[in-house]
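Novice: let's see this in three dimensions:
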Amino acid sequence: MGKAYNVMAATCPSRTVLHRIGARWTVFVVNALDEGPRRFSELKGHIRGITPKVLTETLRSLEADGLVSRHDYEENPPRVEYALTPLGRSLLVPLRAVRLWAEEHVPDIEAARSRQSAL
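Specialist: Have a look, this model is predicted:
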């Protein structure tokens with residue numbers, strides 16, 4: 001049996017995993033790669049609001065964590081594609097659940113915010 005991790009423990013390495021998953025753009029990049037490999041420019045166009053610098057940083061971090069692979073086709077002009085690894089694909093299940101929850105509960109959250117600002 002594997003080592004037990006406890007995210008509530010201050011020194012638990014699982015906190016770095018949650019930090020990666022909870023990083024602002026991770027959810028968007030993982031979801032954008034759901035349908036298959038994409039080039040950088042395709043990702044940038046699909047994920048509205050992300051800057052090239054932040055997309056580069058996010059892709060590098062996801063690659064370092066083993067969630068995304070980078071394939072460099074040695075062509076002219078150069079072509080690079082990013083894809084989810086099997087580990088990255090396994091993240092789609094919980095992220096889909098969070099995405100569906102968020103989309104379903106937008107009216108509830110907005111109503112709660114309106115009530116709070118009316119106080």
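
Novice: residues touching the residue nearest the centre of the chain, list them.
Specialist: In the chain, the centroid-proximal residue (CA atoms, centre = their mean) is Thr26; its distance is 2.2 Å. Residues near Thr26 by CB atoms under 8 Å, 6 or more residues apart in numbering: Arg20, Thr58, Ser61, Leu62. Every C-beta, even on glycine, is put in place using the N, C-alpha and C of the backbone.

Novice: Val29 is in contact with the second one, correct?
Specialist: If I follow you right, that is Thr58. Yes - using CB atoms under 8 Å, Thr58 is in contact with Val29, at 5.4 Å.

Novice: okay, these two: which has more neighbours?
Specialist: Applying other CB atoms under 10 Å to Thr58 and Val29 shows that Val29 carries more neighbours, namely 25 against 22.

Novice: distance from the host helix or strand of that one to the middle of the chain?
Specialist: Element membership for Val29, per DSSP states H and E: helix 26-32. Relative to its parent chain, helix 26-32 has a centroid offset of 4 Å by CA atoms, centre = their mean, to the nearest Å.

Novice: and stretch 37-52, by the same measure?
Specialist: 13 Å.
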